[in-house]
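Colleague: My questions concern the predicted model and sequence given below.
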Amino acid sequence: MKRSEINAILKDAEQFVHACGFNLPPFASWKPEAWKQVGPDAAEIAHHKLGWDVTDFNLGHYDSDGLTLFTLRNGTPENWKTGKGKLYAEKILLVGVDQVTPMHFHWNKMEDIINRSGGKLVIELYNSSPEEELDDQTPVTVVCDGVVRRLPPGGQVVLSPGESITLPQFCYHRFWAAESRVLAGEVSMVNDDDADNRFLKPLPRFPSVVEDEPPYYLLVTDYPQYYRF
């Protein structure tokens, strides 16, 4: 993705989040210059990859295959082993109409996806086979706001604002917005985007970036270039 495209997406995302009445933490609006001056007290933000995240999964067509996220809080994979520290994560997801997040599951992370505001959030579901492919034979069982739902393979759950779904490990899912843009939330176990995403068709989680202009805000993948603690 070009940095200019990412910058435009971030400016639009700020406005959309504000219009939804959702308030982001102060570091959401730190400029690159500020990152060069913050000290070790901000290490959790950088090391836990809190902040802005824009991806087209390196497919080159963000509007149809892409996602903008903001990670509000997160622990580390090491916390799973010790049972101490932050064992949870929280994100917001900005999902465009017919903008697909590709089919994937997580080996370790269980998550709730919540429609916070906007249109309908459509989630397509499959179980995974022992070979980690789509299981098109067995029904999918999930819980939506405390109520068990059983769907055929490839069945879709449509979430209106306020509704949510719990996605267990190894449950393949892809999602997009319908009717209008959606501000979704994610509450989960620790998030590890470096090692806990199994895309059905192998894809990079983060895009390569062409630096055609300076960053408006940093992405979580930019922190090593600006923050040295």
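Modeller: Nice, thanks for sending it over. The structure presented is a predicted model; accordingly, all values stated were derived computationally and were not measured.
Colleague: from here on, contacts and neighbour counts on C-alpha atoms
Modeller: Noted.
Colleague: can I assume V190 is in contact with K81?
Modeller: No. Using CA atoms under 8 Å, V190 is not in contact with K81; the gap is 11.3 Å.
Colleague: May I see the buried residues of the top helix by length along the chain?
Modeller: Determined from DSSP state H, the single longest helix within the chain is helix 3-19. By neighbour count on 16 or more other CA atoms under 10 Å, the buried set for helix 3-19 is R3, S4, I6, N7, L10, A13, F16, V17.
Colleague: same check, this time on stretch 39-56
Modeller: I45, A46, H47, H48, K49, L50, G51, W52, D53, V54, T55, D56.
Colleague: circling back to that earlier point, out of V190 and K81, which sits in the busier spot?
Modeller: V190 (25 against 9; other CA atoms under 10 Å).
Colleague: Strands along the protein, start to end?
Modeller: Counting by DSSP state E, the chain has strands at residues 51-55, 67-73, 88-95, 101-105, 111-128, 134-135, 140-144, 147-151, 156-159, 164-167, 171-189, 198-199.
Colleague: so can I have CSV of those showing distance to D222 and mean pLDDT?
Modeller: Output for the strands of the chain, formatted as CSV (distance: least, CA to CA, whole Å; pLDDT from 0 to 100):
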stretch, distance to D222, mean pLDDT
strand 51-55, 10, 98
strand 67-73, 14, 98
strand 88-95, 18, 98
strand 101-105, 22, 98
strand 111-128, 26, 98
strand 134-135, 34, 98
strand 140-144, 36, 98
strand 147-151, 40, 98
strand 156-159, 33, 98
strand 164-167, 29, 98
strand 171-189, 22, 98
strand 198-199, 23, 98
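Colleague: This completes my enquiry, with thanks.
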